[in-house]
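> Have a look; sequence and predicted model below, questions after that.
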Amino acid sequence: FKLFALAAVAMLSTNAFADDWGNTTFVYTYASDADDVAATIKGFIQDYPTGDMEEVTIPNTVKSKTGKTLKVTTIDADAFKGNKNIKKVTFSGANLTTINATAFSGCTALAEVNFTSATGLTTIGAGAFTGCPFATLDLSTTKLGDVENIMGTDFDSSDKAKRVTNTTLTTLKLSKYWSTIKEKAFAGCTALATVDVNTVATGTGAPTTQVFEASKDNMFAGCPITSLNFAGTLVTTLPKGLLYDGTIYTNNESLTSVTLTEKFTALNAALSNCTELTTISGYIKVSGSTKTSALISLVDDEFRNDAKLASFDLTKVTTLGKYSFAGTGLTAVAFPKDGIDAIPEGCFMECANLATVTWDKDDAKIATIGEKAFAGTAIASITFPKGAKFNETTIGAIADKAFAACENLTTVIWDDQATTVSCNWINEGAFAFCDAVNFYTSAAEVTFWDGTTNKVTNVTFKNINEAPLIKTLLDRYRRKELFSYNKMNDAYAGDKLIQR
């Protein structure tokens with residue numbers, strides 16, 4: 001092939017000039033004929049879609065017709081659009097600031113782009129490289145701030161006919177100066193497995209925030225990304241549709257690990273339905289015995305169906321959402337003292353490996369456990385904290401089906417140090433299908449829903465193995481058809497998790 005370096009053909013004001021200096025052939029424009037004036041590359045002079053140029057070097061400077069040194073700052077929209085021969089482009093200097101939209105769109109042979117020397121590049125327009133088959137896009141040496149839909153792709157999971165995909169890009173490395181990742185930035189890059197968001201720059205020109213475009217989705221929809229590491233960035237929130245289009249529930253089966261920072265305030269269910277996700281780290285900063293975190297609220301469906309997520313530290317969390325951890329691989333849950341007052345509907349439902357749930361024994365904040373909150377888990381025993389607020393003043397505070405179908409559940413301990421205990425706070429169906437469950441209390445008397453009482457004797461919590469079972473309590477549950485009524489069977493058996 002022929003190797004060419006792009007030099008200059010001048011256009012002064014509205015007057016166009018064409019010249020051919022050696023083996024360089026392209027058009028550029030500039031405002032005035034003086035040193036250091038900005039020049040814009042318009043494209044090749046000749047009809048290069050039928051030409052034979054395979055390697056292009058975008059120069060840092062060019063000479064005007066009178067010999068003045070001009071700075072190449074811009075590549076114009078459509079400048080090389082549709083060229084079928086260019087295989088490699090090297091951006092050779094720090095003067096280049098802008099590559100406009102569709103500049104290299106349709107360059108179907110362009111397999112390599114080199115931005116190493118483009119240290120002043122701040123803008124790449126949407127679709128600038130649509131249809132280009134390069135595998136690596138390394139923008140780490142540039143100053144690209146707003147990250148547009150560079151590859152011109154789209155991922156609409158509701159209408160596959162509308163999808164525009166890129167099947168060659170596998171590796172992306174962003175600039176240290178990026179400030180915004182915009183809607184559909186790399187959606188539809190179906191081979192993109194490695195994304196390096198880089199460590200934020202410092203000093204002059206460094207961004208003060210790093211965000212995903214507000215109220216937008218679909219940044220990496222359809223991308224088989226294996227890990228995301230936000231350590232060293234300024235990112236504090238993720239958009240709901242980070243990995244999908246925001247409307248259609250589709251699984252991400254590639255992502256295995258995510259590293260956050262202790263400054264993260266919201267995840268917005270961006271990581272739900274990541275079926276291979278095993279590790280989420282960095283959201284809590286540990287200093288000696290002190291833990292700090294800004295992530296205090298989890299939303300509905302936060303990690304729903306993340307079947308391999310085995311642990312999550314709730315130390316600083318104060319609010320959970322409905323189905324936040326439903327269908328995850330959690331094995332144990334420890335609630336922080338006086339941190340969480342409500343466990344919402346379905347929060348830990350069908351966590352098949354969840355065997356241990358603990359509260360601080362002096363927790364005084366927990367007040368409600370919602371419908372199906374722990375249904376279908378592997379919990380074997382529960383000890384409610386002494387200071388728990390769900391008592392006779394909160395009717396049904398442990399809701400219908402809260403612990404339904406916990407087949408391993410054998411022991412429930414309610415030790416509030418009171419003389420009498422009312423069962424009004426336990427819904428009649430709270431422990432449906434828990435056929436082996438037994439209840440313990442330190443109270444001397446238990447009051448049931450019908451107002452009758454049962455005296456409790458010889459109960460001790462010093463050694464649970466020596467504590468007699470309160471059979472009367474269990475029997476009264478059974479008389480309420482707690483374990484067998486058809487309504488319960490229909491409600492729980494038919495309530496399977498809906499996949500995205």
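Cool, the structure landed. Residues are numbered from 1 along each chain as shown.
> where exactly do the strands run in the stretch 51-200 of the chain?
In the stretch 51-200 of the chain, the strands defined using DSSP state E, counting those that start in this stretch lie at 53-58, 61-63, 69-75, 88-91, 98-99, 112-114, 123-124, 136-138, 146-147, 171-173, 180-181, 194-196.
> what's the most buried one of the ones you listed?
Across the strands of the stretch 51-200 of the chain, averaging neighbours per residue (mean count of other CB atoms under 10 Å) puts strand 98-99 on top, at a mean of 24. (Glycine included, C-beta is placed from N, CA and C.)
> name the helices or strands packed onto that strand?
Counting contacts by 3 or more CB pairs under 8 Å, 6 or more residues apart in numbering; DSSP states H and E, strand 98-99 packs against strand 69-75, strand 123-124.
> Adding distance to Asp156 and mean pLDDT, write the strands of the stretch 51-200 of the chain out as TSV.
Listed next are the strands of the stretch 51-200 of the chain as TSV, based on distance: least, CB to CB, whole Å; pLDDT from 0 to 100:
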stretch	distance to Asp156	mean pLDDT
strand 53-58	33	90
strand 61-63	42	88
strand 69-75	29	94
strand 88-91	30	97
strand 98-99	26	98
strand 112-114	27	98
strand 123-124	23	98
strand 136-138	23	98
strand 146-147	20	96
strand 171-173	21	98
strand 180-181	19	96
strand 194-196	21	96
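> now those strands as CSV including distance to Val317?
What follows is the strands of the stretch 51-200 of the chain, written out as CSV (distance: least, CB to CB, whole Å):
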stretch, distance to Val317
strand 53-58, 50
strand 61-63, 56
strand 69-75, 48
strand 88-91, 46
strand 98-99, 44
strand 112-114, 43
strand 123-124, 39
strand 136-138, 37
strand 146-147, 31
strand 171-173, 32
strand 180-181, 26
strand 194-196, 27
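> Which one, of these, ends up nearest to Ala269?
Distance to Ala269, taken as CB to CB, is lowest for strand 180-181 among the strands of the stretch 51-200 of the chain, at 17.9 Å.
> The closest one: how far from the chain's middle?
How far strand 180-181 lies from its chain's middle: 14 Å, per CA atoms, centre = their mean, to the nearest Å.
> Stretch 268-276 too?
Relative to its chain's centre, stretch 268-276 lies at 6 Å (CA atoms, centre = their mean).
> Check stretch 100-115 too.
What separates the centre of stretch 100-115 from the centre of its chain is 29 Å, taken as CA atoms, centre = their mean.
> neighbouring contacts of it?
Contact partners of stretch 100-115, identified using CB atoms under 8 Å, 6 or more residues apart in numbering, comprise 54, 74-91, 121, 123, 125-139, 141-142, 152.
> residue ranges with poor pLDDT in the stretch 201-350 of the chain?
Within the stretch 201-350 of the chain, the segments meeting pLDDT under 70 span 245-250.
> now the helices: where do they sit in it?
Applying DSSP state H, counting those that start in this stretch to the stretch 201-350 of the chain gives no helices.
> which residues in it form strands?
Using DSSP E, counting those that start in this stretch, strands in the stretch 201-350 of the chain cover 211-212, 227-229, 257-259, 279-281, 285-287, 290-292, 332-335, 342-343.
> Parallel or antiparallel, list what pairs with the third one.
Think strand 257-259. Under the criterion DSSP bridges, strand 257-259 sits next to strand 227-229 (parallel), strand 279-281 (parallel) in its sheet.
> Let me have these in TSV, extended by mean neighbour count and distance to Ala367.
Converted to TSV, the strands paired with strand 257-259 look like this (neighbours: other CB atoms under 10 Å; distance: least, CB to CB, whole Å):
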stretch	mean neighbour count	distance to Ala367
strand 227-229	18	36
strand 279-281	16	27
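> Between the two ends of stretch 166-179, what distance do you get?
Counting by CA to CA, to the nearest Å, you get 24 Å between the two ends of stretch 166-179.
> no wait, stretch 368-382
Note: stretch 368-382 ends 15 Å apart using CA to CA.
> got the buried residues for it?
Going by neighbour count (16 or more other CB atoms under 10 Å), the buried part of stretch 368-382 is 368-379, 381-382.
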